[in-house]
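Q: following is a predicted model, sequence given first.
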Amino acid sequence: QVQLVESGGGLVQAGGSLRLSCAASGSTFRNYATGWFRQAPGKEREFVACFSRTGGYTYYSDSVKGRFTISRDNAKSTVYLQMNSLQPEDTAVYYCVADRSIIQSSLRTAEHWDHWGQGTQVTVSS
């Protein structure tokens, strides 16, 4: 069982940057696929970015590609999301996710991820 704790959210002006962190504990982090989802008010959870279980591949949603970068430090059991050129439509609660057995075709589907953090709020003002 893995526990996830996000940090780094906050209020930023449009065009600004934030870096989210997700610290994992309780299991061998390197064996898990890890990633980020977000949920804006009144909307469903949306895939943002993730690593495959092997860590060899990264995936991004079209809405963040080129602006956001996911990275991970296995030694620290931490995954990061660097967010640049933030826009008001990026405002959401951002959730860290992890899963030990998720397959590639399921990576972009929230229901297939087993472990979720509590979320961190990101607010982008115009």
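A: Cool, got the structure.

Q: hey, let's count contacts and neighbours off CA atoms from now on
A: Will do.

Q: so what's the closest residue to Gln104 other than its chain neighbours up against?
A: Distances taken as C-alpha to C-alpha, 6 or more residues apart in numbering place Ser52 nearest to Gln104, at 7.0 Å, with adjacent residues excluded. By C-alpha atoms under 8 Å, 6 or more residues apart in numbering, Ser52 lies in contact with Tyr32, Ala33, Thr34, Thr58, Tyr59, Gln104, Leu107.

Q: now for the first one: which residues touch it?
A: For Tyr32, the contacting residues are Ser52, Arg53, Thr54, Ala98, Asp99, Arg100, Ser101, by C-alpha under 8 Å, 6+ apart.

Q: please, which helix or strand holds the spatially most central residue of the chain?
A: Compute the mean C-alpha point of the chain, and by C-alpha atoms, centre = their mean the closest residue is Trp36, 1.8 Å away. Using DSSP states H and E, the element containing Trp36 is strand 33-39.

Q: could you do Ser71 as well?
A: Ser71 is located in strand 68-73, with elements delineated by DSSP H and E.

Q: what packs against the helix or strand following that strand?
A: Sequence order places strand 78-83 as the next helix or strand after strand 68-73, per DSSP H and E. Where contact means 3 or more C-alpha pairs under 8 Å, 6 or more residues apart in numbering; DSSP states H and E, strand 78-83 is packed against strand 18-25, strand 33-39, strand 68-73.

Q: switch the cut-off to 6 Å
A: Counting by 3 or more C-alpha pairs under 6 Å, 6 or more residues apart in numbering; DSSP states H and E, the packing neighbours recorded for strand 78-83 are strand 18-25, strand 68-73.

Q: pull out the buried positions in the longest one.
A: Right, strand 18-25. Of the residues in strand 18-25, those buried by neighbour count under the rule 16 or more other C-alpha atoms under 10 Å are Leu18, Arg19, Leu20, Ser21, Cys22, Ala23, Ala24.

Q: leaving out sequence neighbours, find the closest residue to the fourth one.
A: Spatial nearest neighbour of Ser21, excluding adjacent residues (C-alpha to C-alpha, 6+ apart): Tyr80 at 4.5 Å.

Q: the one you found is in contact with Ala24, isn't it?
A: No - taking contacts as C-alpha atoms under 6 Å, Tyr80 lies outside contact range of Ala24: 11.3 Å.
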